[in-house]
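Chemist: Build me a model:
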Amino acid sequence: MALVAEYLKQLTLTHTGGKDPTFPTVHPIRDFDPSRDAARIDTAIKTKGVDEQTIIDILTRRSCDQRTYIAFEYEKMAKKDMTTALKGALSGSVEAVMLGLMKTPAQYDASELKGSMKGLGTDEETLIEIVCSRSTQELAEIKKVYREMFKKELEKDVAGDTSGDFAKLLMALVQTKRDEPSNVVDYEKIDHDAQALYEAGVKRKGTDVVTWIAIMSERSVPHLRRVFDRYTSYSPYDIKESIRKEVKGDLEKSFLTLVECFENRQLYFASRLSEAMKGKGAKDKVVTRIIVSRCEVDLMKVRSEFKKQNGKSLYHTVSDHTKGDYQKALLSLIGGDD
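Modeler: Got it, this is the predicted structure:
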């Protein structure tokens with residue numbers, strides 16, 4: 001039972017971040033009985049027309065580790081892989097949510113990255129969102145899992161699908177050379193980096209992108225926050241205005257995403273969700289990816305930032321822009337109205 005062994009191995013792949021506090025909307029349930037859940041899912045899949053509600057109720061209210069144990073029990077009982085069974089029973093956006101939940105966070109990110117670089121053309125937005133918003137530890141785990149899942153190096157695939165300074169920035173981030181945060185505040189280095197960013201951009205004609213990439217990809221996040229504050233004593237513009245003036249296209253989006261995530265990662269995701277649900281309907285892929293990937297990390301805080309930013313709750317907004325089983329699954333993961 002190779003798949004069973006693989007599922008158990010996945011339990012060691014889940015990363016809670018270790019250092020950052022988490023604010024999840026999905027928690028492990030007490031009195032957890034994986035055999036009972038597996039039997040209920042088996043019955044739901046075999047029901048005529050498929051009992052989607054039961055599948056949603058179980059998978060959206062269990063933690064990643066618990067879902068892994070359910071899959072293990074399901075395979076023992078049904079003699080088949082639960083992910084494959086779900087794929088055969090579900091379709092559309094609700095299928096994407098459920099299959100996403102069956103992966104560990106790193107596996108889900110790795111799959112989304114792979115999908116963004118598949119076939120002709122590249123989905124730069126997805127690449128930027130994941131690579132620029134994940135911590136060094138998360139990126140290191142994603143690289144490891146990407147290699148295990150696809151027998152390829154993430155760096156190679158990124159290099160093959162992007163070009164120019166945009167490729168250089170993504171490659172620098174994927175190489176995970178960022179300094180660990182330190183208790184010692186190096187004011188001299190802060191001043192030096194702030195001045196270097198100014199002199200490499202606004203002060204000169206043309207932009208020394210290499211310097212910007214090195215500072216943005218190698219310095220610790222607390223250090224960079226202080227650098228951006230100090231930067232305004234050299235430049236007439238803040239760092240975001242400077243980025244907009246100096247670079248364009250995917251490189252501009254990437255630098256802005258980095259700065260937004262350094263300042264307030266949850267606000268960045270709230271803004272992405274808001275943008276994805278502007279006007280009629282919703283960009284299902286973006287909404288699914290953010291809610292699935294953040295539900296056991298910081299979705300409670302994303303909810304709070306969303307409400308502050310929009311004056312309307314994430315729960316209410318998702319209700320307005322989605323429907324059917326897809327809507328039920330997302331609302332369950334969001335975990336309540338604000």
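Chemist: Work out the gap between stretch 303-310 and the centre of the chain.
Modeler: Mean-position distance between stretch 303-310 and its chain equals 18 Å (Cα atoms, centre = their mean, to the nearest Å).
Chemist: Please apply the same query to stretch 148-160.
Modeler: A distance of 18 Å separates the centroid of the chain from that of stretch 148-160, by Cα atoms, centre = their mean.
Chemist: mind listing what's buried in it?
Modeler: 154, 157, 158 (16 or more other Cβ atoms under 10 Å). All C-beta atoms are positioned from the backbone trio N, CA, C, and that covers glycine.
Chemist: Let's have the residues you listed in CSV, adding distance to residue 290 and secondary structure.
Modeler: Compiled in CSV, these are given as follows (distance: Cβ to Cβ, whole Å; DSSP: H, G, I helix; E, B strand; the rest coil):
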residue, distance to residue 290, secondary structure
154, 20, helix
157, 22, helix
158, 21, helix
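Chemist: Of the residues you listed, which is the nearest to residue 171?
Modeler: Residue 171 lies nearest to residue 158 out of these, by Cβ to Cβ, at 6.2 Å.
Chemist: In space, what's closest to that closest one - neighbours in sequence excluded?
Modeler: residue 170 (5.2 Å; Cβ to Cβ, 6 or more residues apart in numbering).
Chemist: can you list the domain ranges for this structure.
Modeler: 1-102+280-338, 121-174, 187-261 (automatic domain parsing).
Chemist: Which one of those domains lies nearest to residue 114?
Modeler: Going by Cβ to Cβ, the one of these nearest residue 114 is domain 121-174, 5.9 Å.
Chemist: Quick one: end-to-end distance for that closest one.
Modeler: Terminal residues of domain 121-174 lie 20 Å apart, using Cα to Cα, to the nearest Å.
Chemist: tell me the average confidence for it?
Modeler: Averaging pLDDT along domain 121-174 gives 97.
Chemist: Over to stretch 193-201?
Modeler: For stretch 193-201, the per-residue pLDDT averages 98.
Chemist: Just the CA trace of that stretch, in CSV.
Modeler: Extracted C-alpha coordinates of stretch 193-201, given in CSV (Å, rounded to 0.1, in the frame of the first residue of the first chain):
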residue,chain,number,x,y,z
ASP,A,193,20.4,49.7,2.6
ALA,A,194,18.0,52.7,2.6
GLN,A,195,20.6,54.9,0.9
ALA,A,196,21.5,52.0,-1.5
LEU,A,197,17.9,51.6,-2.6
TYR,A,198,17.6,55.3,-3.2
GLU,A,199,20.8,55.6,-5.2
ALA,A,200,20.0,52.5,-7.2
GLY,A,201,16.6,53.9,-8.2
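Chemist: Okay, buried residues for that stretch please.
Modeler: Within stretch 193-201, the residues that count as buried by 16+ other Cβ under 10 Å are 193, 194, 195, 196, 197, 198, 200, 201.
Chemist: could you dump those residues to JSON lines with secondary structure?
Modeler: Formatted as JSON lines, the buried residues of stretch 193-201 follow (DSSP: H, G, I helix; E, B strand; the rest coil):
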{"residue": "193", "secondary structure": "helix"}
{"residue": "194", "secondary structure": "helix"}
{"residue": "195", "secondary structure": "helix"}
{"residue": "196", "secondary structure": "helix"}
{"residue": "197", "secondary structure": "helix"}
{"residue": "198", "secondary structure": "helix"}
{"residue": "200", "secondary structure": "helix"}
{"residue": "201", "secondary structure": "coil"}
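Chemist: Save the residues you listed as CSV, and put in distance to residue 324 too.
Modeler: Shown next, in CSV, are the buried residues of stretch 193-201 (distance: Cβ to Cβ, whole Å):
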residue, distance to residue 324
193, 50
194, 51
195, 55
196, 52
197, 48
198, 52
200, 51
201, 48
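Chemist: What's the first helix or strand after whichever helix in the chain runs longest?
Modeler: Across the chain, the helix with the greatest residue count (assigned by DSSP state H) is helix 249-276. Using DSSP states H and E, the next helix or strand after helix 249-276 towards the C-terminus is helix 284-294.
Chemist: quick one: average pLDDT of the helix or strand just after that following helix?
Modeler: Using DSSP H and E, the helix or strand that follows helix 284-294 in sequence is helix 299-310. Averaged over helix 299-310, pLDDT sits at 98.
Chemist: quick one: buried residues of helix 299-310?
Modeler: Neighbour counts using 16+ other Cβ under 10 Å place 299, 300, 301, 302, 303, 304, 305, 306, 307, 310 of helix 299-310 among the buried residues.
Chemist: Make JSON lines out of these and add distance to residue 259.
Modeler: Output for those, formatted as JSON lines (distance: Cβ to Cβ, whole Å):
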{"residue": "299", "distance to residue 259": "22"}
{"residue": "300", "distance to residue 259": "24"}
{"residue": "301", "distance to residue 259": "18"}
{"residue": "302", "distance to residue 259": "18"}
{"residue": "303", "distance to residue 259": "23"}
{"residue": "304", "distance to residue 259": "21"}
{"residue": "305", "distance to residue 259": "16"}
{"residue": "306", "distance to residue 259": "20"}
{"residue": "307", "distance to residue 259": "23"}
{"residue": "310", "distance to residue 259": "21"}
